[in-house]
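Visitor: with the sequence up front, the predicted model follows.
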Amino acid sequence: MSVSVLGAGAFGTALAISLAQKGAVTLWGRNPDHVVEMQANRTNTARLPGVDLPASMSLTSDIAQALAADVILLAVPMQRLAGFLTDHIPQSSTANLVACCKGFEVSTGRGPVTVIRDMVPQATAAILTGPSFAADIARGLPTALTLACADDAACQKLQQALTTQNLRLYRTTDTQGAELGGALKNVIAIACGVAIGAGLGQSARAALMTRGFSEMTRLARHLGAETATLAGLSGFGDLVLTCTSEQSRNYRLGLSLGVGNSFDPSTTVEGVATARAIVQMTQASGVDMPITHTVARLLDGEADVPTSMAALLSRPLKEE
Ligand SMILES: NC(=O)C1=CN([C@@H]2O[C@H](COP(=O)(O)OP(=O)(O)OC[C@H]3O[C@@H](n4cnc5c(N)ncnc54)[C@H](OP(=O)(O)O)[C@@H]3O)[C@@H](O)[C@H]2O)C=CC1
Ligand SMILES: O=C(CO)COP(=O)(O)O
């Protein structure tokens, strides 16, 4: 199966580099000047510096050329996904569309698979998610991810097509669980960054990760997702990676907030919008998401770090 990756950011470029081990792959970028520069230098200096682009990778800004592939990976930020589909993918398309973003839309509360299903109903909608930094994938370091698609037969084909020597995919039909894990862990990673940045210590981080996982699982159960999915690569696995590494932009944003510094607003930090989306989603349902709500208030300037910690620590005592 031929593969195109749409979105020449860090993750899209890294996935295309890994897939190029198996044969021809196309990387599409929206900015023709950026594509020309990548073609000339055989590297993506803007988004993934220091890594060579293999010869088997074609670069294009021609969307028709990119859409000719059997499998289309969508590697654009979550809040841009719906607009991207409207602009570039015909509503009647029957393509294999694999979302590679993590988050929920603030405007609608939809995750990536739901957005694809709503906007391109006849397509095969899947999500590729889990613990992986673009730089690690691009350098050929071993990585394991979750591939979720409701149609298991289609999922098996995609699993074969997208697994490479260094990128090992496990599959599930629980797309909702995979969407939730990848989105929610980013918010918890912000909280962990804040805790470490503010000097609250490793024990506080362990508490936030564990109680964060508890609220991730609670929401998943409420929405009918499989809690086993949350315990897998796309949930627990990605939570561990993102909450403990300064390679994570979500964690680094938290660190900056914790020490009282600002953070480059142009960086893709999916947990910011996701925190707001989850607050909207859970306010009506009443699902208890104290860490997520605290992060949202902090991000919106409604609370500072000491107040946020005090709010979490003064909650009623209860059974674990
Ligand atoms: N980086 C990582 O380690 C990982 C990232 N992810 C996920 O991948 C997704 C993308 O992140 P990442 O690649 O890191 O982000 P980057 O900020 O590196 O890149 C985002 C890319 O999306 C492009 N883009 C934005 N809006 C549009 C649009 N409307 N149409 C076309 N292209 C658009 C940008 O184009 P331009 O350059 O022209 O602005 C840019 O190339 C996120 O959801 C993230 O959570 C998942 C796992 C790992
Ligand atoms: O999702 C990721 C790792 O799995 C990347 O994390 P950041 O988006 O926080 O950099």
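Guide: Okay, I see it. Ligands and ions are numbered 1, 2, ... in the order given.
Visitor: pLDDT score assigned to residue 284?
Guide: For residue 284, the pLDDT comes out at 84.
Visitor: what residues does this structure put near ligand 1?
Guide: 7-12, 30-31, 47, 75-78, 80, 83-84, 100-103, 132-134, 268, 270 (CB under 6 Å from any ligand atom). In this view, the C-beta of every residue, glycine as well, is placed from N, C-alpha and C.
Visitor: check these for burial and list the buried ones.
Guide: Neighbour-count burial (16 or more other CB atoms under 10 Å) applied to the residues of the chain next to ligand 1 gives 7-12, 30, 47, 75-78, 80, 84, 100-103, 132-134, 268, 270.
Visitor: can you pull out the strands in the stretch 1-150 of the chain?
Guide: 3-6, 25-28, 43-44, 48-52, 57-60, 71-74, 96-99, 124-129, 143-149 (DSSP state E, counting those that start in this stretch).
Visitor: re earlier: near ligand 2, list only the ones from the residues of the chain next to ligand 1.
Guide: Near ligand 2, by the rule CB under 6 Å from any ligand atom, you find 102, 132-133, 270 out of the residues of the chain next to ligand 1.
Visitor: among those, which are in helices?
Guide: residue 270 (DSSP state H).
Visitor: skipping its backbone neighbours, what lies nearest residue 109 in space?
Guide: residue 281 (4.7 Å; CB to CB, 6 or more residues apart in numbering).
Visitor: residue 25 too?
Guide: residue 19 (4.4 Å).
Visitor: and for that neighbour, the neighbour number?
Guide: Neighbourhood size, residue 19 [other CB atoms under 10 Å]: 28.
Visitor: any idea which residue sits dead centre in this structure?
Guide: The centre of the chain sits closest to residue 102, judged by CA atoms, centre = their mean, with a distance of 2.6 Å.
Visitor: ok, now how distant is the residue found closest to that residue once you drop the neighbours it is linked to in the chain from residue 82?
Guide: Excluding the flanking residues, the one nearest residue 102 by CB to CB, 6+ apart is residue 182, at 3.8 Å. With distances taken as CB to CB, to the nearest Å, residue 182 is found 17 Å from residue 82.
Visitor: neighbour count for those two, which is higher?
Guide: residue 182 (34 against 18).
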